[in-house]
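Student: show me how the following folds:
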Amino acid sequence: MAPDRTKFCDLCSTDVKPRGWTTHRKACETNAEKRRRDQLIIDAIRRQDHPLLEPEHALDDIKVEYHLSSGIEAKVYPFHGFQRRPMASSEAPHIAEVALEAGLNNHKTDQLIKLCHHCIVGKEKFSFKTHKDIHVKWEAASFTKEVISVPYDGKTWDFDLHYRDLWGLATDLLGDPHLFPHLTFNAQRLSKFDGDTFIHFVDEPFTAQDFWNVQSQLPPGGKPLAFILYADKTRLSSFGTAKGYPVVACLANIPTDIRNGRGIGSGYVVGWLPIIPEDKDYAGKPSWVNFKNMVWHESFRRITASLASKSKMGQWFACMDGVSRWFFLCVLILSADYEEQCVMSLTRGIMSLWPCPICLIPRDALFDTSKTFTCRTASESRAAVMAARTKDTLEEKEAILKVQGLRDVDNALWDIQYSDVHRLLSHDRCHYNHGGLWSHHYWVELQKYIVGLGRAKVSQVDKAYQAFLRWRDLRHPNQVMSVPFADSAMHEDISKMIIYAMHNILMEDDSPLGYLLLRCVRLYLEVDIYAALEVHTTDTISEGRSAVQALTAFMKDWSFPKLHMITHLFDDIEAKGASRNYNTKPNEQMHGLLKDWYQNRTNFKNVAEQILRIDHWVHVADDIRRRISDLDDYISLTSQSQDNNNNDHDNNEDAQLPMSNFLPLNDGSPHVKLGSRQVPQTFSLIEDTRRNDDEFMNFRIRLNSFLNGFLPACNIPLPDGWRIHLKSNVSADSDANEITEYQFLRVNFKSLVDWQQHTDYLRCNPSFHNAPRFDCVFIHTNEKVIVGRLLFIFECPVGKDLYPLALIHPFDAPTGTRLRKDKQLNLFRVRARPRAQVEFFSIRSILRGALLVHDAGLDYFVVDTVDTDMFLRVKKMHLQAGHVVRI
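Tutor: Sure, this is the predicted structure:
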């Protein structure tokens, strides 16, 4: 119940103090009326998209089926009540000369200044005097150092291993009040209602098959506590003389948005494996390779020791909700590149007779994707190793091991129940696709064909990349042909643009084999985009498998493991969820921090201890800061509650104004927001300054005509029932109408992939960073979705109301018969109307931004490789246009 001295506003559901009531109420009524009008526009624009549904289930309802052992019945949730909300990310931990020498960015410098001001005015007491004081506060039991002793060649070799207890990490995460509400302990099967039936989909590991299978094997009441482990060597120094070998762990019970982010719940360094230097006396010997694998697994066995013991008997733990749960620890996913996967599975690698660590495919059959080969299992691998050890001679032992391409070493993962090492290995987009198939094969071969066409073609490719329009989260290299890139993320972005940069350079007549390779690259990109989908339905998995078959049918002469591994891609998705659950990219990004700490915080001796100590301090500092922040929030809420019970008046009448007047979508989230406001202008000024632009010819007259048709179509009455007649000049009896230009547009849209809200930041600016920037958009019309270019964004007053509108150049002119090249490269061509045929649209009809590349004349291509939503959106347009979609 609201306090006695406040009034409850039913329009915004807030308690308002009497002094601010009048101002607040007027603002609320104005905003309510604006939202009502805006909703009328939205309903008119989207009316055809929402057919009447049966009352039993609504479109997009989510059905959740829980594992039988959970005892929870299946439930159906409204979509917007089910959506998982990612946990708020934490800020960076909290003068000029220090900030400059330390290389602080703007955000961290602001925080440093803020803390200084707090101390000056007495809000905070600064107790630290030296670095030692900080060290004492942060230092606590963190990593354990042990010596691993492994015999070889008649002597014992010792190596230092640093690790932290995985069960201790798990209890820390289970006991975190911010993280615990996001943890999931029961396997789920999810499906989404499409208007006719429920369609099954997977995203998180606990929605996929392997998590379900693990829980099915547990005793009644047992809950899987599943780990994702990553391990890979990295160069700490620029020249690679210093290396590190971190092991990173996170919980598969945590949603991916948190797990792949920063802060609590993301990846934690839990081990630092020894790196064995090459010895010329032993290099190349099979026994030396086995020895190195033995050291790796003995070290990994120490790191995972707590998992091995608690995977068999389980461990009871009192959770924060007051429920004691019986957890069985296991490893669900191993995230690694091919070389590390061979070490983890103890297979013999690329040169062996059986090079795949997941299935038993012969090396000479790697090109054959039409057949399904027997999958490896840990029990069969272990049995083969044990059988080999019973033989008397080395030749007999090798004969048994070679049959499956195994090594005579005990696998550390054999000790962990419900964790079949071959099943845990997964397709890694970072190394298999961007840092493998693309960077080492397709890109290398494409460059050869381009160079073979002469210098002019090489220069043309670089110019095509320079002309590529800017897009958020897409790197924009100005030169690609002569610059070597080591970053797989850069290679990913280069590949996204390659078709649109080379389609008119690598022509079939000039280079038949080069053009055929370009077609293969297009198929590879489609496989990669299907692999990247954040949510997979039964349809997208089927389409992805078809894409793999289409690609491998073109690549019969290519025979190597990383091409073969894509045949396991969609099996992994069905078993462990979307590929971002096991992509090494989030963990590879942690290498940058390790390198920075090595370079700036160590003395280059015994670096493992120093780097791990800093890593521990970072987590401790983050935990302390979050606890202090929680205390501040608690004190603030307590103080606010006390203030509400006092008899004081509010001195600021505007303090209680509603927070936002954004136009909400049907789900209540803001759809569009204008920004970069310019000075209001009269119509005469606009038409005069743009008199040489055909798009602005008769601007005011055409706007009058548009408004007189648009508002009645949206069931919005015309002012006073009269037709709208906007005035361009000041007259004796009235003032001229003015409109306000905006040069920025933020569009929130619902992704076709994960059905979550995503955001595009669009520009309509004649001089953005000293260059014109007029972005393109998808527009919803009564007939279909079209593409157009923003020319002018503005707010137009009509009566007492303001309407946000946009002048757009539509690209919906007929393109004629589809070209053969467009079919083979799966390009979606659009054609611009003559510039004088621009149209006005409500900005509510803008669905999201679009990235276009110019072809020739008035023709453009819609770039569908820029993100997963764009790919599905353009595919839908292909179908609407009657194009034969190959996949």
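Student: pLDDT below threshold where in this protein?
Tutor: For the chain, applying pLDDT under 70 flags the ranges 1-5, 34-55, 81, 83-109, 111-141, 639-670, 730-735, 886-887.
Student: what about the residue nearest to Lys233 when sequence neighbours are not counted, neighbour count?
Tutor: Once flanking residues are discounted, Lys233 sits nearest to Tyr245: 5.0 Å by C-beta to C-beta, 6 or more residues apart in numbering. C-betas here are computed from N, CA, C, even on glycine. Residues lying near Tyr245 (other C-beta atoms under 10 Å) number 17.
Student: cool, Cys9 as well?
Tutor: With other C-beta under 10 Å as criterion, Cys9 counts 19.
Student: re earlier: next, the contact list for the residue nearest to Lys233, please.
Tutor: Ala231, Asp232, Lys233, Thr234, Trp272, Leu273, Pro274, Ile275 (C-beta atoms under 8 Å, 6 or more residues apart in numbering).
Student: between those residues, which is nearest Gly405?
Tutor: Ala231 (20.7 Å; C-beta to C-beta).
Student: need phi/psi at that closest one.
Tutor: Reported as degrees, to the nearest 10, the phi and psi values for Ala231 are phi -150, psi 130.
Student: do I have it right that it meets Glu340?
Tutor: Yes - Ala231 is within contact range of Glu340, at 5.9 Å (criterion: C-beta atoms under 8 Å).
Student: the two - which one has more neighbours?
Tutor: Taking neighbours as other C-beta under 10 Å, Ala231 and Glu340 compare with Ala231 leading, 25 against 22.
Student: any idea which helix or strand carries Asp864?
Tutor: Using DSSP states H and E, Asp864 is not contained in any helix or strand.
Student: ranges for the helices of the stretch 551-700 of the chain?
Tutor: 561-564, 569-576, 585-588, 590-601, 607-645, 683-689, 699-713 (DSSP state H, counting those that start in this stretch).
Student: what's in contact with the first one?
Tutor: What it means is helix 561-564. Residues from elsewhere that reach helix 561-564 (C-beta under 8 Å, 6+ apart): 338, 350, 355-356, 361, 366-367, 369, 431-432, 436-437, 441, 552, 555.
Student: repeat the analysis, applying 7 Å as the threshold.
Tutor: With contact meaning C-beta atoms under 7 Å, 6 or more residues apart in numbering, helix 561-564 is reached by Tyr338, Ile350, Pro355, Cys356, Ile361, Leu366, Tyr432, Gly436, Leu437, Met555.
Student: what about it, distance to the chain center?
Tutor: How far helix 561-564 lies from its chain's middle: 25 Å, per C-alpha atoms, centre = their mean, to the nearest Å.
Student: cool, and stretch 175-187?
Tutor: In terms of C-alpha atoms, centre = their mean, the centre of stretch 175-187 is set 21 Å apart from its chain centre.
Student: over to stretch 309-327?
Tutor: Centroid displacement of stretch 309-327 relative to its chain, using C-alpha atoms, centre = their mean, is 32 Å.
Student: list the buried residues of it.
Tutor: Buried residues in stretch 309-327, counted by 16 or more other C-beta atoms under 10 Å: Lys310, Ser311, Gly314, Gln315, Phe317, Arg325, Trp326, Phe327.
Student: surely the second one is in a helix?
Tutor: Yes - secondary structure of Ser311, determined by DSSP: H, G, I helix; E, B strand; the rest coil: located in a helix.
Student: list the buried residues in stretch 800-812.
Tutor: Counting neighbours by 16+ other C-beta under 10 Å, one finds that the buried residues in stretch 800-812 are Tyr803, Pro804, Leu805, Ala806, Leu807, Ile808, His809, Pro810, Phe811, Asp812.
Student: now for the strand or helix carrying the second one, which elements pack on it?
Tutor: Just to be clear, that refers to Pro804. Counting by DSSP H and E, the element that carries Pro804 is strand 801-810. Using 3 or more C-beta pairs under 7 Å, 6 or more residues apart in numbering; DSSP states H and E, the elements in contact with strand 801-810 are strand 785-798, strand 839-842.
Student: just checking: what are the partner strands of the last one?
Tutor: When you say that, I think you mean strand 839-842. Its sheet considered, strand 839-842 pairs with strand 801-810 (antiparallel) by DSSP bridges.
Student: after the strand it pairs with, which helix or strand is next?
Tutor: helix 820-824.
Student: now that following helix: how far from the chain's centre is it?
Tutor: 31 Å.
Student: same thing with stretch 579-588?
Tutor: 10 Å.
Student: may I have the distance across that stretch, first residue to last?
Tutor: 15 Å (C-alpha to C-alpha, to the nearest Å).
Student: try stretch 529-544
Tutor: In stretch 529-544, first residue to last residue: 9 Å (C-alpha to C-alpha).
Student: check whether Asp196 sits in a helix, strand or coil.
Tutor: coil.
Student: residues near it, how many?
Tutor: Asp196 has 10 nearby residues by other C-beta under 10 Å.
Student: ok, now Ala365?
Tutor: Other residues near Ala365 number 12, with proximity taken as other C-beta under 10 Å.
Student: ok, back up a step: show me the two of the buried residues of stretch 800-812 that sit farthest apart.
Tutor: Most distant of those, by C-beta to C-beta, are Tyr803 and Phe811, 24.0 Å apart.
Student: helix, strand or coil for the closest residue to Pro766 other than its chain neighbours?
Tutor: Spatial nearest neighbour of Pro766, excluding adjacent residues (C-beta to C-beta, 6+ apart): Pro772 at 5.2 Å. Secondary structure state of Pro772, per three-state DSSP, is strand.
Student: assess the claim that Pro772 and Arg789 are in contact.
Tutor: No - using C-beta atoms under 7 Å, Pro772 is not in contact with Arg789, being 11.2 Å away.
Student: of those two, which one has the most company?
Tutor: Neighbour comparison, Pro772 and Arg789: the larger count goes to Arg789, with 20 against 10 (by other C-beta under 10 Å).
Student: what separation do you get for that one and Val830?
Tutor: Look at Arg789 and Val830: by C-beta to C-beta, to the nearest Å, they are 10 Å apart.
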